[in-house]
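# Can you look at this prediction? I've put the sequence above it.
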2 protein chains.
Amino acid sequence: MTALGDPTRQAIFERLVEGPRPVGELAGELPVSRPAVSQHLKVLKDAGLVVDRKVGTRRLYQVDPQAVAELRAYFDAFWDQSLAAFRDAAEKEPQDG
Amino acid sequence: MTALGDPTRQAIFERLVEGPRPVGELAGELPVSRPAVSQHLKVLKDAGLVVDRKVGTRRLYQVDPQAVAELRAYFDAFWDQSLAAFRDAAEKEPQDG
DNA sequence: GGCAACCGTCAGTCTAGGCTTACGGTTAGC
DNA sequence: GCTAACCGTAAGCCTAGACTGACGGTTGCC
């Protein structure tokens, strides 16, 4: 979660969802330098959100679907829980019924 | 996403999933002061993640299920997309046949 | 009215971390 | 071997923002 908190990192993440991309290409589309992108990618990689592989002199990064699945499950559980708590609170605090 | 990036804010958010809580109670469970919790709650509220209501002299905060639903949908779409891109990349880069 | 409990906001401090520049390492092509 | 392209890392700067202490406002109770 902390990894996706930064706007730049989220922008990188969203681009990597579409498919594998090299570092330089990402930096060209973003208002930050290439090293900055490289650092963000390291954070995303350490968080397990992206994977990388070398292709020639370039390095391709891509979103790991399994990590997204875990985030999905995280909010799935929270949705059920918050919905139940919300109904519960609505019953105890009836404003017009 | 930025709102949930901070660890303290995430801790608050996770507690509010279980049900409505007053500010002072949250502050008692966390290693930060009450004003800090109040400020975090403001951020969460501005982001639309939580809702609040006054009950006597206290103010109860709670997670808005609809906001969680949106986050869920966000990662849902990304999951499909990243999975498709992942398979695609695997076909183009067959390491062992 | 007076007191206590609970909370939001302001001002100020201080640290985490995002960014850039500079450097070195690796790979492809000749 | 030489050059160029691509990238990761280190050092340093600097701003956003997380936190605290102090204050005032509101509500409930006697």
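Cool, got the structure.
# what's the angle between the longest helix belonging to chain A and helix B:65-92?
Taking DSSP state H as the criterion, chain A has its longest helix at helix A:65-92. Direction vectors for helix A:65-92 and helix B:65-92, defined by axes from the mean of the first three to the mean of the last three C-alpha atoms, to 10 degrees, enclose an angle of 170 degrees.
# Who are the packing partners of helix A:65-92?
If you count contacts as 3 or more C-beta pairs under 8 Å, 6 or more residues apart in numbering or on different chains; DSSP states H and E, helix A:65-92 packs onto helix B:7-17, strand B:58-63, helix B:65-92. In short, each C-beta sits where N, CA and C put it, glycine included.
# got these as TSV, with mean pLDDT and mean neighbour count columns?
Supplementary listing: the helices and strands packed on helix A:65-92 in TSV, determined by pLDDT from 0 to 100; neighbours: other C-beta atoms under 10 Å in any protein chain shown:
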stretch	mean pLDDT	mean neighbour count
helix B:7-17	98	19
strand B:58-63	98	20
helix B:65-92	93	16
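# Tell me which of these sits nearest to residue A:88.
When the helices and strands packed on helix A:65-92 are ranked by proximity to residue A:88, the top entry is strand B:58-63, at 9.9 Å, counting by C-beta to C-beta.
# touching DNA strand C at all, the closest one?
Yes. Applying C-beta under 7 Å from any atom of the strand, one finds that strand B:58-63 is in contact with DNA strand C at B:58, B:59.
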